[in-house]
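J.: here is my input; please provide its structure:
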Amino acid sequence: MHRRMGARQGIRSVVAGGLAAFCAGLGPCAAEELLAVRPDDIVWKEVRKDPPLFRAYVQGDQDQPGAFTFRVRAAAGHKLMPHTHPDDRVITVLEGTYWSATSAVWDEAKLVAFPRGSFYVVPAGVPHYSAVLEGETVFQESGIGPSRNDMVPQGSGNAGAQKR
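T.: Predicted coordinates for the structure are as follows:
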């Protein structure tokens, strides 16, 4: 899945978006190698059948210490209820339109459309939720692990968070 390329090959670009920013923030990456992931290298794993949801890690793992990046491919009808993360999350929409809002309470009227090419950051601890309202959407999300989704209970009170 990952290909390591020596500096002699002359390839100086990082295909997996966001890696350069993480390397700059965390200190030097491997001095003579780059981590690169090409579209054909991506292995999608089904998370849910209805509506279809797939995830592919392209760097690291959110359960482990360090930078991670994954991609999500979701169909219309996908909803992720209000939740938080202990780390900042960096989202880039690669295909389609991803809808998102910040609040501890789901309110579809507050969703904001982020079309292909959009970039946004959800700061650590900020309750947010998202959806795919039409077609298929692919987005890339990066953060610093170990991390998790802390679901915000819906209903009376909305106090506390459930770890997920």
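
J.: for the chain, which spans come out with low pLDDT?
T.: Scanning the chain for pLDDT under 70 picks out 1-31, 156-164.

J.: tell me the bridge partners for the spatially most central residue of it.
T.: With distances taken as Cα atoms, centre = their mean, residue 141 lies nearest the centre of the chain, 1.8 Å away. Beta-bridge pairing of residue 141, defined through DSSP bridges, involves residue 70, residue 91.

J.: mind checking how far it is from residue 32?
T.: With distances taken as Cβ to Cβ, to the nearest Å, residue 141 is found 29 Å from residue 32. Heads up, the C-betas are built off the backbone N, CA and C, glycines and all.

J.: what about stretch 113-132, distance to the chain center?
T.: For stretch 113-132, the distance from its own C-alpha centre to the chain's C-alpha centre is 9 Å (Cα atoms, centre = their mean, to the nearest Å).

J.: do the same with stretch 71-87
T.: Going by Cα atoms, centre = their mean, where stretch 71-87 is centred and where its chain is centred differ by 8 Å.

J.: now the end-to-end length of it.
T.: Distance across stretch 71-87, first residue to last, is 17 Å (Cα to Cα, to the nearest Å).

J.: for the chain, what spans make up the strands?
T.: 3-6, 33-36, 45-48, 53-59, 66-75, 79-84, 89-95, 97-102, 112-115, 119-122, 128-131, 136-145, 150-151, 162-163 (DSSP state E).

J.: related to what we said a few turns ago, thought the residue nearest to the centre of the chain was touching residue 74?
T.: No: counting by Cβ atoms under 8 Å, residue 74 is not a contact partner of residue 141; they are 11.7 Å apart.

J.: count the neighbours of residue 86 for me.
T.: Counted with other Cβ atoms under 10 Å, the neighbours of residue 86 add up to 14.

J.: any idea how far it lies from residue 143?
T.: Relative to residue 143, residue 86 is positioned 9 Å away (Cβ to Cβ).

J.: now residue 60
T.: If you go by Cβ to Cβ, the gap between residue 60 and residue 143 works out to 9 Å.

J.: one more: residue 96?
T.: 21 Å.

J.: tell me which of these two has more neighbours.
T.: Neighbour count, other Cβ under 10 Å: between residue 96 and residue 143, residue 143 has more, with 23 against 20.

J.: correct me if wrong: that one contacts residue 84.
T.: No: using Cβ under 8 Å, residue 143 is not in contact with residue 84; the gap is 11.9 Å.
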